[in-house]
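J.: Coordinates for the following, if possible.
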Amino acid sequence: MTFTAIDFETATAYHPCSVGIVTVENGIIVDEFISLIKPPNNLYSPFTIQVHGIYPRDTVHAKSFAQVYPEIQKRLQNRVVVAHNESFDRNVLAKSMALYGFDYANLNIASRWECTVKIYKAKGLKPTKLSDCCREMNIALNHHEALSDARACAKLYILR
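T.: Numbering: from 1, shown residues only. Take a look at the predicted model:
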């Protein structure tokens, strides 16, 4: 039960504006990390702002993905990685890494991560949005806040 849960909030498509990472050792949360990320040109879609409430003014002085990446790398490298709807978060990471010239293979993590959506769908839970899973499992959630989402995902994975 040693793994790392991650959640990205995005400004546009696959450009992150926030990341939350929760490190679990032997079933216990031992580290939490959150950071705002300035997306390229600090551009946002009005839709994503409605989802997470992060505005360009919030990230105008934030670090770029390249500047935040060392913190992400040290928490993900050589680990089992878990996300809710893993393909989305994995693509955000992979595409952001490629944009800044980082090699995904150097992380030495699985090409597909553990996915709490798939796990809870297999258990018969419907729907399987993070908020639905958390409600069913009685897990506190401030939805679309990256650290809260990553923490909830970690707890869902522990309870699976």
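J.: Please name the residues that touch the nearest residue to Q73 once chain neighbours are set aside.
T.: Distances taken as Cβ to Cβ, 6 or more residues apart in numbering put L107 closest to Q73, at 6.7 Å, once the chain neighbours are dropped. From N, CA and C alone the C-beta is placed, and that goes for glycine too. Applying Cβ atoms under 8 Å, 6 or more residues apart in numbering to L107 gives the contacts Q73, L76, Q77, N78.
J.: between those, which has the most around it?
T.: For these, the largest neighbour count, defined by other Cβ atoms under 10 Å, is 19 neighbours, found at L76.
J.: From N85, how far out is that one?
T.: According to Cβ to Cβ, to the nearest Å, L76 and N85 sit 17 Å apart.
J.: Ok, R57 next?
T.: 28 Å.
J.: and the gap between the residue nearest to Q73 and L93?
T.: L107 is 8 Å from L93, by Cβ to Cβ.
J.: For S87, give me its contacts.
T.: Contacts of S87 (Cβ under 8 Å, 6+ apart): R112, C115.
J.: Extract the CA atoms of the helix or strand where it lies and return them as CSV.
T.: In this assignment (DSSP states H and E), S87 forms part of helix 86-99. These are the backbone C-alpha positions of helix 86-99, laid out as CSV (Å, rounded to 0.1, in the frame of the first residue of the first chain):
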residue,chain,number,x,y,z
GLU,A,86,-5.8,8.3,-14.8
SER,A,87,-5.7,8.8,-18.5
PHE,A,88,-6.5,12.5,-18.1
ASP,A,89,-3.9,13.2,-15.5
ARG,A,90,-1.3,11.0,-17.2
ASN,A,91,-1.8,12.8,-20.4
VAL,A,92,-1.5,16.2,-18.7
LEU,A,93,1.8,15.1,-17.2
ALA,A,94,3.2,13.5,-20.4
LYS,A,95,2.2,16.3,-22.6
SER,A,96,3.6,19.0,-20.2
MET,A,97,6.8,17.0,-19.9
ALA,A,98,7.2,16.8,-23.7
LEU,A,99,6.4,20.5,-24.1
